[in-house]
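*Asks:* Provided below are the primary sequence and the corresponding predicted coordinates.
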Amino acid sequence: MPQELKASLRKFRFARRNAGHAAIIVKINKQKLIMEEVEQFDNITIEDLAEGLPENAPRYVVLSYELNHDDGRKSFPLVLINWAPISSEMGLLTLHASALLDFQATADVSKVIEVRDGEEGLTTDIVNARLLQS
């Protein structure tokens with residue numbers, strides 16, 4: 001993983017947020033066999049994020065998620081979305097899967113949400129359900 005990406009992930013992790021969702025999207029460059037930052041978003045909806053992700057290529061998405069708890073508290077957990085649509089090229093999916101644990105450790109994110117069925121698998125309701133169950 002390139003040093004610039006590590007620095008970008010660190011900066012993203014420690015950014016102060018008090019409203020909205022933010023995301024950093026990372027892909028694996030198959031030719032160079034390195035991870036590359038694709039894009040960063042501030043204050044994006046989950047649905048817009050899902051719509052912007054490719055339907056046939058895997059991505060790692062580190063998400064700072066505004067979570068509203070039942071007792072009125074608000075928190076901003078970091079979540080790793082493992083975007084791995086089943087329509088992706090098998091070689092790329094294998095490469096993506098083999099680097100997942102290393103990426104998760106480097107990004108220092110404990111909660112992972114697997115998304116294999118495209119946009120329908122990544123909605124606000126699904127993310128809320130996954131985060132509020134623990």
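*Replies:* Nice, I can see it.

*Asks:* Show me the shaky parts of this structure.
*Replies:* Applying pLDDT under 70 to the chain flags the ranges 134.

*Asks:* show me the contacts for Val26.
*Replies:* Leu5, Met35, Glu36, Glu37, Val38, Arg59, Tyr60, Val61, Val62, Phe103 (Cβ atoms under 8 Å, 6 or more residues apart in numbering). (Glycine included, C-beta is placed from N, CA and C.)

*Asks:* Would you tell me what the next helix or strand after the longest helix that the chain contains is?
*Replies:* The longest helix of the chain (DSSP state H) is helix 90-107. Later in the chain than helix 90-107, the nearest helix or strand by DSSP states H and E is strand 111-115.

*Asks:* Could you list every helix and strand that that following strand packs against?
*Replies:* Counting contacts by 3 or more Cβ pairs under 8 Å, 6 or more residues apart in numbering; DSSP states H and E, strand 111-115 is packed against strand 78-83, helix 124-132.

*Asks:* just checking, which of the ones you listed sits deepest inside the structure?
*Replies:* Among these, strand 78-83 has the highest mean neighbour count (mean count of other Cβ atoms under 10 Å), at a mean of 22.

*Asks:* for it, packing partners?
*Replies:* Using 3+ Cβ pairs under 8 Å, 6+ apart, strand 78-83 sits against strand 59-64, helix 90-107, strand 111-115, helix 124-132.
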